[in-house]
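[1] Everything below, folded, please.
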Amino acid sequence: MWVLKEVGSLVGFYLNVIRSFWLGGLWGVAYVARPVLEKAGFFPVHGMEVVHWMIGLGIVAALLSLSLMWVAGTWSLTNRSFQLIVSMAFLSLIYFALHPWWKLQMMVVHAVCALGVLWLLNDSRRATTASVR
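    Numbers count the residues shown, from 1 in each chain. As a prediction, the model looks like this:
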């Protein structure tokens, strides 16, 4: 029984690391790097390459997160975290379909960032209620 508890805590740790990388990188690109590049005159010509890479790495992070949820046994359509990760991954794929229209792509990036905030709040609320019990 203690082995399952250890696996669950490791999965939670890795999910937090992946979430920090994904959301931190995305927020850094969307709200720090993009305005700086835009002010310097390098956006959208050169700046979109940075956003493309971060969205691509976000898709990889989503696949890793979903595989960790499958290992932990929390792979369920009723799980709010699962729904948010799948929504963020779907929007990340839609991002590349909007390639010619960079302003629409940036709207998708902002939507993924907003879903990331909901994911962060959902898991922190669940962790807080679990620690109270």
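
[2] for the worst-scoring helix or strand of the chain on mean pLDDT, packing partners?
    The weakest-scoring helix or strand in the chain, judged by mean pLDDT, DSSP states H and E, is helix 2-28 (a mean of 80). Helix 2-28 makes packing contacts with helix 47-72, helix 102-132 when contacts are defined by 3 or more CB pairs under 8 Å, 6 or more residues apart in numbering; DSSP states H and E. All C-beta spots, glycine's among them, are computed from the backbone N, C-alpha and C.

[3] Using TSV, lay out these together with distance to Ser81, mean pLDDT and mean neighbour count.
    Below are the helices and strands packed on helix 2-28 laid out as TSV (distance: least, CB to CB, whole Å; pLDDT from 0 to 100; neighbours: other CB atoms under 10 Å):
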stretch	distance to Ser81	mean pLDDT	mean neighbour count
helix 47-72	7	91	17
helix 102-132	6	85	14
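
[4] Trp30 contacts Val109, doesn't it?
    You called it Trp, but residue 30 is Ala. Yes. Contact criterion CB atoms under 8 Å: Ala30 and Val109 qualify, at 5.1 Å.

[5] Common neighbours of those two, please.
    Val51 (CB atoms under 8 Å, 6 or more residues apart in numbering).

[6] wait, what's in contact with the nearest residue to Leu93 once chain neighbours are set aside?
    Nearest residue to Leu93, sequence neighbours excluded (CB to CB, 6 or more residues apart in numbering): Ile59, at 6.8 Å. Neighbour list for Ile59: 89, 92-93 [criterion: CB under 8 Å, 6+ apart].

[7] quick one: which of those residues sit in helices?
    Under the assignment DSSP state H, the contacts of Ile59 contribute 89, 92-93 to helices.

[8] which one of those has the most neighbours?
    Ser92 (23 neighbours; other CB atoms under 10 Å).
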